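[1] here is the input, now give the coordinates:
(one chain, ligands or ions: 1)
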Amino acid sequence: MASVIIAGVGSYVPTKILTNEDLAKLVDTSDEWIVSRSGIKERHIAADDEATSDMAIKCAQAALLDAGIKAEEIDLLIVATCTPDYLLPSTACVVQHQLGVLPHATCFDISAACSGFLYALEIAYGQLLTGRYKCALIVGSEKLSSIIDWSDRTTCVLFGDGAGAAVLKKVDQPGIGIIGSDLGADGAMRELLYMPAGGSRCPASPQTIANKDHFLRMKGKEVFKHAVRVMEKVAREMVEQHHLTLDQINLVIPHQANIRIIEALASNLGLPLERFYINLDRYGNTSAATIPIALDEARRAGKIKPGDYTLLVAFGAGLTYGSTLIRW
Ligand code: UT7
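    Numbering: from 1, shown residues only. Now for the predicted structure:
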C-alpha cells in the first residue's frame, strides 16, 4: 500500500509590516478593537512590484530545498489563490517558468479561496496515487492587499499577504502522509464573501471602479457563524472516519482568520487552545497561504514529530471548507 507524504514545506512573507497603529491612521479603528475582535496585531504587505507569483516562487524554493528535490523533478504544479497575477494565464504557469519546472509539467491554479490549499492537497494526493505524476508542488499564495478597500475598516484590518508551499510525493509505506480529507462547498452563501466585478458577470468599467466593485466585500458576522459550524463538522468527521478520537490529534492547524473563530472551534471540539497552531497575530488572514505558512512554522518550531497526527481545517469564500488529516 502506497502513501502520499509531504516531503518538504516552505513559506514566505513580504518584509513590509503594517501594524494596527498604522491602520488607525488610515481608518477609524484602534489596536484595541482589532486585537479584541480578531486577535490580529500586524500583517505583512507585498511591495507594489511584488505579485502573487513572486511570493509563490520564494516559498516554493524553500519547500524544494526542504524536500531535497529539484524544480526539474516536479511534474504537477498547483497554485491555490484568489489573487492571481492575471485572470489568464494561470499564476502556476508564471511560477513554472520562473522556478525552472520543465514544460512537460501540468500547471494550473485552483480557486477555493481560504480552503484552496486543502483543495490543492486533495487533488495532488489523488493524482500522485494514480501513478500518473511523480512529484507535486502545491502553493497557497495571496496578495490580498491588492483587492482590499483600504478605506473600509470592516475588512482592511483583517487581511495580509504571504505564501506557503509543500512538495508531495508517493512512497511505498502504508499509513503515513495524507490519511484523508473531507472537502465541501455551499454556493448558496457565495455572496457572503466575494469581489463583485472584474469577472465575466461584471467586467471592469469606469462604473465598477467608481463603485469600488473590484474590492473584497464581506458579511463578517455570517461568515463567522458558518466558519465555526463547518470547521467543527469536518474536523469531527475526519477523525471519526479514521477511527481516531480528537484527543489523538497532536496539533490542529486551522485557517487563520480570527482568534475568536479558533477559540470557538477549540471549545466546541473540547480541545485546549494549546493544541492549535496560531500565528494570525503576526500575519492576519492570508487566505490560501495561512495553512502552509503555519505548517512550515510549526514544523520548524518542533511542534510536529514523527508519528504525530496533524489536522488541517479551513473555510473560505464559496463558502468552501475542508479538513485534511496527516500522519508524519
Ligand atoms: O477567510 C474568511 C474571511 N472572513 C472571516 O473570517 C470573517 C469572519 N468574521 C469576523 O472575523 C468578525 O465578524 C469581524 C472581525 C469581521 C467583525 O467582528 P464582529 O464582532 O462580528 O463585529 P461587528 O461586525 O458586529 O461590528 C461591531 C461594531 C460595529 O459598530 P456598531 O454597528 O456596533 O456601532 C462596526 O461598525 O464594530 C464596528 N467596526 C469597527 N470598529 C472599529 C467594524 N470594524 C471596525 C474596525 N474598527 N475595524
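[2] now the strands for the stretch 101-250 of the chain?
    Applying DSSP state E, counting those that start in this stretch to the stretch 101-250 of the chain gives strands spanning 106-110, 135-143, 161-171, 177-185, 193-194, 217-218.
[3] now the ones you listed as CSV including mean pLDDT, mean neighbour count and distance to the ligand?
    Heads up, the C-betas are built off the backbone N, CA and C, glycines and all. Formatted as CSV, those follow (pLDDT from 0 to 100; neighbours: other CB atoms under 10 Å; distance: least, CB to the nearest ligand atom, whole Å):
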stretch, mean pLDDT, mean neighbour count, distance to the ligand
strand 106-110, 98, 20, 16
strand 135-143, 98, 31, 10
strand 161-171, 98, 27, 13
strand 177-185, 96, 19, 14
strand 193-194, 96, 20, 6
strand 217-218, 97, 16, 6
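[4] got the ones you listed as CSV, with distance to Gly8 columns?
    Output for the strands of the stretch 101-250 of the chain, formatted as CSV (distance: least, CB to CB, whole Å):
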stretch, distance to Gly8
strand 106-110, 19
strand 135-143, 9
strand 161-171, 4
strand 177-185, 13
strand 193-194, 31
strand 217-218, 34
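[5] out of these, which comes closest to Met55?
    Met55 sits nearest to strand 161-171 of all the strands of the stretch 101-250 of the chain, at 3.8 Å, using CB to CB.
[6] quick one: work out the angle between the closest one and strand 135-143.
    170 degrees (axes from the mean of the first three to the mean of the last three CA atoms, to 10 degrees).
[7] just checking: what are the partner strands of strand 161-171?
    The strands that strand 161-171 pairs with in its sheet are strand 3-12 (antiparallel), strand 135-143 (antiparallel) (by DSSP bridges).
[8] direction-wise, compare the longest one with strand 177-185 and give the angle.
    An angle of 70 degrees separates the directions of strand 3-12 and strand 177-185 when computed by the same axes, to 10 degrees.
[9] if you average pLDDT over strand 3-12, what comes out?
    Regarding strand 3-12, the rounded mean pLDDT is 98.
[10] residues making contact with stretch 267-282?
    By CB atoms under 8 Å, 6 or more residues apart in numbering, the list of residues contacting stretch 267-282 from outside reads 38-43, 228, 232, 235-236, 246-247, 249-254, 256-259, 262-263, 265-266, 290, 293-294, 297-298, 303.
[11] that older thread, out of the strands of the stretch 101-250 of the chain, which is closest to Asn285?
    strand 135-143 (9.0 Å).
[12] got the residues of the protein near the ligand?
    Within the chain, the residues that sit near the ligand (CB under 6 Å from any ligand atom) are 29, 33-34, 37-38, 114, 153-154, 157, 193, 218, 220-221, 223-224, 227, 257-258, 285, 316.
[13] what number of residues lie near the closest residue to the ligand within the stretch 101-250 of the chain?
    Relative to the ligand, the nearest point of the stretch 101-250 of the chain is Gly220 (2.8 Å; CB to the nearest ligand atom). Other residues within reach of Gly220, judged by other CB atoms under 10 Å, total 16.
[14] and the strands paired with strand 161-171 as CSV, adding distance to Ala165?
    Compiled in CSV, the strands paired with strand 161-171 are given as follows (distance: least, CB to CB, whole Å):
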stretch, distance to Ala165
strand 3-12, 5
strand 135-143, 4
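[15] which of those strands sits closest to Lys25?
    Nearest of these to Lys25, taken as CB to CB: strand 135-143 at 21.9 Å.
[16] ok now the closest one, how far from the chain's centre?
    Taking CA atoms, centre = their mean, to the nearest Å, one finds the center of strand 135-143 at 9 Å from the center of the full chain.
[17] what about the helices in the stretch 1-150 of the chain?
    Secondary structure of the stretch 1-150 of the chain by DSSP state H, counting those that start in this stretch: the helices cover 20-24, 31-38, 52-67, 91-99, 116-130.
[18] surely Val95 and Ile57 touch.
    Yes - between Val95 and Ile57 there is a contact under CB atoms under 8 Å: 5.7 Å.
[19] can you list the domains in this protein?
    Domain segmentation of the chain under automatic domain parsing yields 3-174, 178-327.
[20] pick the most deeply packed of these.
    Comparing the domains of the chain by mean neighbour count (mean count of other CB atoms under 10 Å), domain 3-174 comes out on top with a mean of 21.
[21] before we move on, the earlier item: keep only those of the contacts of stretch 267-282 that are in strands.
    42-43, 251-254 (DSSP state E).
[22] just these now: which is nearest the ligand?
    Closest to the ligand, out of all of the ones in strands among the contacts of stretch 267-282 and judged by CB to the nearest ligand atom, is Pro254, at 10.8 Å.
[23] got a list of what that closest one touches?
    Taking CB under 8 Å, 6+ apart, one finds 231, 261-262, 265, 276-277, 312-314 in contact with Pro254.
[24] please repeat the previous calculation with a cut-off of 6 Å.
    Applying CB atoms under 6 Å, 6 or more residues apart in numbering to Pro254 gives the contacts 262, 276, 313.
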